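Trainee: The sequence isn't on hand, but the structure is:
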């Protein structure tokens, strides 16, 4: 799937100027951030033109000009993606939505909120809480835009209990690649009304249409929250405990696992030590970090007591309790800074975000560790244990970039093959972008990839929207 | 060693917001927490106990009945025994009256728990920010004090060696027993309670002390009327104006105007 | 105690070299205003060892009288010796009000003295006035982490005491007049000082970049253009006593080390003053510095998001504006 695009001429710029007078940014004046996301290792490219859009109509107007002139358009939010999803690899026009950052209205009778796509996750989370509600999706990156979260079907820490972003999108306004404006979904609790165009859009990474308004589902905010820090002597004891939660009728909001090495990286980055590294003289090897939520402190106390009993029986070295706001903040601060900690200490970085059945995590981690011994980079990993979702980072400070890329590609191909063998998927929550198209094709096979390309062509016959992402390379 | 840690239950001032319409503090829904600096004091005591397991840690708080929750949290973290000092007669006390009442209560607690070798306090409470109650307790009791402590380096038989923050750098100070030490933020965070301590703390008995239990107290020195300082009024500081653009013919003129603005607001 | 006079005392803390700490001299400014309103004299109390210079400074900056305690046991600050000196002299002279700089030592000493005198002390004041009705000092101070200001009075106890935050008031201009100087022969037995300084640990000047603890940060971004550009910012830092920060863009470009980085992938800072030079203000950067008390933005792009959070903005080339600001500061300081 390739296509010839036209250059952005003075005529095109003049037409764009008519849509958004005075706000068309050209050439060297374009913000260099717009050439990349958080993973420049997959490649970067400056767009020819950028516009910080403010309304649906503006977005439609810009897209229409581009459609007519056959110019690629790439949408971006805060640029916090990890797969090169918003990198404008064919140049053209970048539409940035971060200035469409208004929370438009709450429908508290139906537990719904309508927002512009540039609202930041953390701003909605705080604002919803002030309305007595919770927006459950909780990716580690709180400065991501909601538009980006929907485009990648992000999920994060609370996925165990509450699911992914997909489960919280009720409706959206979309600008199609032709410039037409349409609306998918409705503020209802269920639907059996034809193909779900809404669900096609979710996770489509800006390749099918541009989201310009979102109606999201909220839930009543839990009244009490408790986190447990659970040290184990080694990783396998730690991970094998994870499936026991559901088996014992626990319904935690989050179950995260990590080894001591990455914790130390993160705590050094934050400049403070929160987690115990020794318990009664024995070295800790790995940790679970678990959160429960519920309606009252008493209910929490009872659950925590029962869970602690189970954990100690399963070989936990101890169970530490965080049930006050400052302690909860401390407990999660280190977890939230894993990526920043790794980034700070690492020059060359690549990652994968596989998801496997929960009971396969121990096998998978052992496989990855063994496999990595054949290469010159180090592995750092952590994960949403309760979801079977792992973030595995290949890190090097002394390899040549070319050699690093070559070794990582070899490693990843084998890792993804193992993923499929265990019944998993290439990406749990980061998406495919341009970094993982090749691996997706290997995993899904030609039939499925062709179906995806077919869908792409129905939405975007001229292939102008975010070219070279998800289902084909350019 | 026998250690008393004084703690205060405070609203989490990080969560306090200003109602933009009435320009008043919004206190509803603001969680109550153990004063952060008192948590550091408790951690310092716990670290002494880590090295000398026969150490006893007693916590004392003055406040309303709800402050029991703060004491239970301290029990869950490291304390062995907790006392709540509560009486309407103590309400409205300023720092001088508060420290007087606390010093009386400390003498009373010592009847049961034995003489304390050390009294640990937070540097200041995050709601009042005065940093006065600790030194004033020391004065009432006639004890030496070390303020702005970061950590206890050694609790030797004859002296306590304390690392403290000084104006430029740090100092190690030695002080004999009994003494009072106030703690500021160290490089480490206080430990988390273990589930076992947590469960025990939930069931623990918290001793209450009221004015009637303090035989020698002069209530004329307690509460609002025993407080030399009076709050005349409170107000929410005017919010800073945002986004004043400074313009001028030359960079020098801009720089001059900026300097004036910053200097006028006492920023530089 | 009873006030024997209407005088106002300012405690002038001294440095090791025998000069006065700034705040002691600063307090002579509001001290003068209050003393005049209350109809008393302005007295500076200088305590230390070999403190002629501090005495001279106080005597030429508006004090009517300087009371001096100059003795070996006051060479190093100790709570015991200093508290004894202050209480003894305050009892002897009976001032109506006492101001103490809210330095670490001042806040260690103040409560000890006020408690021994059984009077009120208002901590860490940022404003001083006199109540028209009662003639009492009105002490204004922040509480609740600065969210609330309280005005405090001490109506029935004397002296009225407060610690006052350094830097709030300006030093008064030096006057030709010279104050009366009274040397007090006060001593405190060294063996009665119950705390012993065992070790002084000076912070190494080139220690890790302490952005979190900085009062002022001058920060540069993509607009700085290269490593040489940061020299211009460093000069402003030197003039202001500020710490050098930067945005991620500058680190990614390799112009400056990551230890200077402010923002989501760097340090979160909350200085009194943050001067952002050539920083556009990406969300990730704002997340790390928006809680600064005051933000100044210097950027040539008038639409840069940084101006949205700035208290003061200058649209212009940082290589023109920053050196001009450095020069201005040096000029004013001189």
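Mentor: Structure received. This structure is a prediction, so every number in the text was calculated from the model and none was measured.

Trainee: Identify the residue nearest residue B:237 in space, chain neighbours excluded?
Mentor: What sits nearest to residue B:237 in space, not counting adjacent residues and going by C-beta to C-beta, 6 or more residues apart in numbering or on different chains, is residue C:149, at 5.1 Å. (Each C-beta comes from the backbone N, C-alpha and C, glycine too.)

Trainee: Repeat that for residue A:429.
Mentor: Taking C-beta to C-beta, 6+ apart as the measure, residue A:429 lies nearest to residue A:155, with 4.6 Å between them; neighbours along the chain are not counted.

Trainee: From the structure, what's the count of residues near the one you found?
Mentor: By the measure other C-beta atoms under 10 Å in any protein chain shown, the count of residues near residue A:155 is 27.

Trainee: what domains does the record give for the chain?
Mentor: You didn't say which chain, so I picked chain A. Chain A resolves into domains spanning A:10-98, A:103-220, A:224-339, A:346-453 when parsed by automatic domain parsing.

Trainee: ah, no, chain C please
Mentor: If the domains of chain C are taken from automatic domain parsing, they occupy C:8-192, C:216-333, with pieces of a single domain joined by a plus sign.

Trainee: Now render the domains of chain A as CSV, adding mean pLDDT and distance to residue B:109.
Mentor: Supplementary listing: these in CSV, determined by pLDDT from 0 to 100; distance: least, C-beta to C-beta, whole Å:
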stretch, mean pLDDT, distance to residue B:109
domain A:10-98, 96, 53
domain A:103-220, 96, 41
domain A:224-339, 91, 25
domain A:346-453, 94, 46
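
Trainee: Go ahead and report the secondary structure state at the residue nearest to residue B:237.
Mentor: strand (DSSP: H, G, I helix; E, B strand; the rest coil).

Trainee: burial count for it?
Mentor: In terms of burial, residue C:149 registers 18 neighbours under the definition other C-beta under 10 Å.

Trainee: how about the residues of the stretch 251-400 of chain A near chain B?
Mentor: On the criterion C-beta under 8 Å from any C-beta of the partner chain, chain B has as its neighbours in the stretch 251-400 of chain A the residues A:271-274, A:276, A:301, A:304-305, A:308, A:312, A:318-322, A:324-327, A:330-331.

Trainee: buried subset of those?
Mentor: Among these, those buried by neighbour count (16 or more other C-beta atoms under 10 Å in any protein chain shown) are A:274, A:276, A:301, A:304, A:308, A:318-322, A:324-327, A:330-331.

Trainee: Among those residues, which lie within strands?
Mentor: Using DSSP state E, the members of these that fall within strands are A:320-322.

Trainee: so which of the domains of chain C gets nearest residue A:368?
Mentor: Checking these against residue A:368 by C-beta to C-beta gives domain C:216-333 as the closest, at 25.4 Å.

Trainee: gap between the two ends of the closest one?
Mentor: 17 Å (C-alpha to C-alpha, to the nearest Å).

Trainee: What of stretch B:218-237?
Mentor: Its first and final residues considered, stretch B:218-237 spans 37 Å by C-alpha to C-alpha.

Trainee: chain center to it: distance?
Mentor: Mean-position distance between stretch B:218-237 and its chain equals 19 Å (C-alpha atoms, centre = their mean, to the nearest Å).

Trainee: Let me see the mean pLDDT of that stretch.
Mentor: Confidence for stretch B:218-237, expressed as mean pLDDT, is 92.

Trainee: contact partners of that stretch?
Mentor: With contacts defined as C-beta atoms under 8 Å, 6 or more residues apart in numbering or on different chains, stretch B:218-237 is touched by B:18, B:23-25, B:89-97, B:100-101, B:211, C:118-122, C:131, C:138, C:142-143, C:146-157.

Trainee: ok, back up a step: is the residue nearest to residue B:237 in a bridge, and if so with what?
Mentor: Beta bridges link residue C:149 to residue B:235, residue C:142, judged by DSSP bridges.

Trainee: What residues does it make contact with?
Mentor: Contact criterion C-beta under 8 Å, 6+ apart gives B:234-237, C:126-127, C:140-143 as the residues in contact with residue C:149.

Trainee: And residue A:136, by the same measure?
Mentor: Each residue near residue A:136 by C-beta under 8 Å, 6+ apart is listed here: A:158, A:161-163, A:167-168, A:219.

Trainee: what does residue A:453 give?
Mentor: If a contact means C-beta under 8 Å, 6+ apart, then residue A:453 has A:1, A:471-472 as its contacts.

Trainee: hmm, 10 Å instead?
Mentor: With contacts defined as C-beta atoms under 10 Å, 6 or more residues apart in numbering or on different chains, residue A:453 is in contact with A:1, A:463, A:470-472.

Trainee: That one: what secondary structure?
Mentor: Bear in mind the rule, three-state DSSP; under it residue A:453 is helix.

Trainee: what separates it from chain C, distance-wise?
Mentor: The spacing between residue A:453 and chain C, counted by C-beta to the nearest C-beta, to the nearest Å, is 34 Å.

Trainee: ok, now residue B:109?
Mentor: Between residue B:109 and chain C the distance, using C-beta to the nearest C-beta, works out to 20 Å.

Trainee: related to what we said a few turns ago, could you export the contacts of residue A:453 to CSV, including columns for pLDDT?
Mentor: As requested, the contacts of residue A:453 are arranged in CSV below (pLDDT from 0 to 100):
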residue, pLDDT
A:1, 78
A:463, 97
A:470, 97
A:471, 96
A:472, 95
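
Trainee: now the residues you listed: which count as buried?
Mentor: So, of the contacts of residue A:453, A:463, A:470-472 end up buried under the neighbour-count rule (16+ other C-beta under 10 Å).
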